[in-house]
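Enquirer: Fold the following, please.
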Amino acid sequence: MTYLLLMSALIFQTGIQPVNSHRRVLIFGNNQTLLQQQLQTLQKDSSGLVERDVIVNLVKPGDQLYKRHQVVSAEPFTVVLIGKDGDEKYRSASILTTGKLFAMIDAMPMRRAEMQRSKNKQ
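Expert: This is a model prediction of the structure:
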């Protein structure tokens, strides 16, 4: 039950967010095993996702986001990171670890500025 509540708080079904509101991880595909592995991998550090303002979107086959992000619906699995500027920052056909995700985000100029502002508030 806790797992379901956490996942429901973590995952939003393809709701379009305004640019600059969140970073997004878009998960596309029809391979249920890979989709589940990706979700479980991200769920293990949900506090890191919250800290970095990341929303995870599990994109249903046929959704407009497939076309927008040029993902072929026949591909079994694709994960895409979208920055707060709305640009694609990363794409892979394999599982994205939180370590790699957080390293990419933490290296982004906007994230560095966020970390600096947070540090200055303390």
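Enquirer: Which SSE is immediately downstream of the helix or strand of the chain with the lowest mean pLDDT?
Expert: Every helix and strand of the chain was ranked by mean pLDDT, DSSP states H and E. The lowest is helix 2-10, at a mean of 39. Toward the C-terminus, helix 2-10 is succeeded by strand 23-29 as the next helix or strand (DSSP states H and E).
Enquirer: Okay, now the sheet partners of that next one, with direction.
Expert: strand 54-58 (parallel), strand 77-82 (antiparallel) (DSSP bridges).
Enquirer: Who are the contact partners of the residue sitting nearest the centre point of the chain?
Expert: Residue closest to the average C-alpha location in the chain (CA atoms, centre = their mean): V25, at 1.7 Å. By CB atoms under 8 Å, 6 or more residues apart in numbering, V25 lies in contact with 42, 54-57, 79-82, 96, 101. C-beta: built from backbone N, CA, C; applies to glycine.
Enquirer: run the last query once more with 7 Å
Expert: Applying CB atoms under 7 Å, 6 or more residues apart in numbering to V25 gives the contacts 42, 54, 56, 79, 81.
Enquirer: Kindly tell me how buried the last one is, as a neighbour count.
Expert: In this case it means L81. Neighbours of L81 under the rule other CB atoms under 10 Å: 21.
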